[in-house]
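Q: Can you look at this prediction? I've put the sequence above it.
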Amino acid sequence: MFAKYVVTSGGETLPRITISGHPGSGTSTLVDGICNARGWSSLNGGQIFRDEAKNRDMSLAEFGDLCANDFSVDKSLDEILKFNMLKSDGPEVMESRLSGWWAHLLELDCVRVWLDVSEEVRAQRVVNREGISLEEALSGNRKRSDIDLARYQEMYGLNPEDTTPYTHVIEASNLDSAGVLNTVLEILEGNE
């Protein structure tokens, strides 16, 4: 059985916040902003995913297909996140599609944020980040979301889009990265 929360030697609960959202919703940018503003460390599930795809010399779509067909790969990535959430010296900021769910199910006392961003805005951000066409970004995002939903439901019985475990859902389609960061920093200040 997991402890309700993990306390460091300084008496602080870790993680302090989880960040979740669809691909292209700005979670990585938000995590960087929080860490820079607060001097905190982070673990980014998307980066773990991208690094593992690169290590296997696979595109993100190919690696997503592998995860869809071999649940052991995805479960190993999730175990890395959960393990780090339970470490007393783990990062203050955790980011992944399911980090809010894991914190909720592990009964961790932290802020859990879901960034809600329209499909069009998310696709444009992927275009800007990866240099692909808007049509490719829309198609890739839809395919990845469909694959992830089916995978998470089969593996864990979870829908990552279900906002039940989140303490805060931020509609971020019309906010720039500074606006999202300021909103989250205000939430963090209100929880201290």
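A: Great, that's in hand.
Q: How about Leu138: what's its closest non-neighbour residue?
A: Spatial nearest neighbour of Leu138, excluding adjacent residues (CB to CB, 6 or more residues apart in numbering): Ala123 at 4.4 Å. Every residue, glycine included, has its C-beta placed from N, CA and C.
Q: From what I see, the one you found and Arg144 are in contact.
A: No. Applying CB atoms under 8 Å, one finds Ala123 not in contact with Arg144, separated by 11.4 Å.
Q: okay, these two: which has more neighbours?
A: Ala123 (24 against 20; other CB atoms under 10 Å).
Q: how far away is that one from Trp40?
A: Counting by CB to CB, to the nearest Å, the separation of Ala123 from Trp40 is 30 Å.
Q: Repeat that for Arg122.
A: From Arg122 to Trp40 the distance is 25 Å (CB to CB).
Q: So if I had to pick from the two, which one is more boxed in?
A: Arg122 (23 against 17).
Q: Can I get stretch 21-29 in PDB? Just the C-alpha atoms.
A: Only the C-alpha atoms of stretch 21-29 are listed here, as PDB (Å, rounded to 0.1, in the frame of the first residue of the first chain):
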ATOM      1  CA  GLY A  21      -3.100  17.500 -21.300                       C
ATOM      2  CA  HIS A  22      -3.300  16.300 -24.900                       C
ATOM      3  CA  PRO A  23      -0.200  16.400 -27.200                       C
ATOM      4  CA  GLY A  24       0.400  20.000 -28.200                       C
ATOM      5  CA  SER A  25      -1.500  21.500 -25.300                       C
ATOM      6  CA  GLY A  26       1.600  23.200 -23.900                       C
ATOM      7  CA  THR A  27       2.400  21.000 -21.000                       C
ATOM      8  CA  SER A  28       6.200  20.900 -21.700                       C
ATOM      9  CA  THR A  29       6.300  24.700 -22.000                       C
END
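Q: average pLDDT for that stretch?
A: For stretch 21-29, the mean per-residue pLDDT is 86.
Q: contacting residues around it?
A: Contacts of stretch 21-29 with the rest of the structure, by CB atoms under 8 Å, 6 or more residues apart in numbering, involve 19-20, 44, 46-47, 95, 97, 114-117, 121-126, 129, 137, 141, 144-145, 161, 172, 177, 180.
Q: which of the residues in that stretch are buried?
A: By 16 or more other CB atoms under 10 Å, the buried positions in stretch 21-29 come out as 21-29.
Q: List just the nearest of the residues you listed to Cys67.
A: Nearest to Cys67 among these is Pro23, at 13.4 Å by CB to CB.
Q: Pull the residues that contact the helix or strand hosting Val126.
A: Element membership of Val126, judged by DSSP states H and E, is helix 119-130. Applying CB under 8 Å, 6+ apart, the contact partners of helix 119-130 are 22-26, 117, 132-134, 137-138, 140-142, 173.
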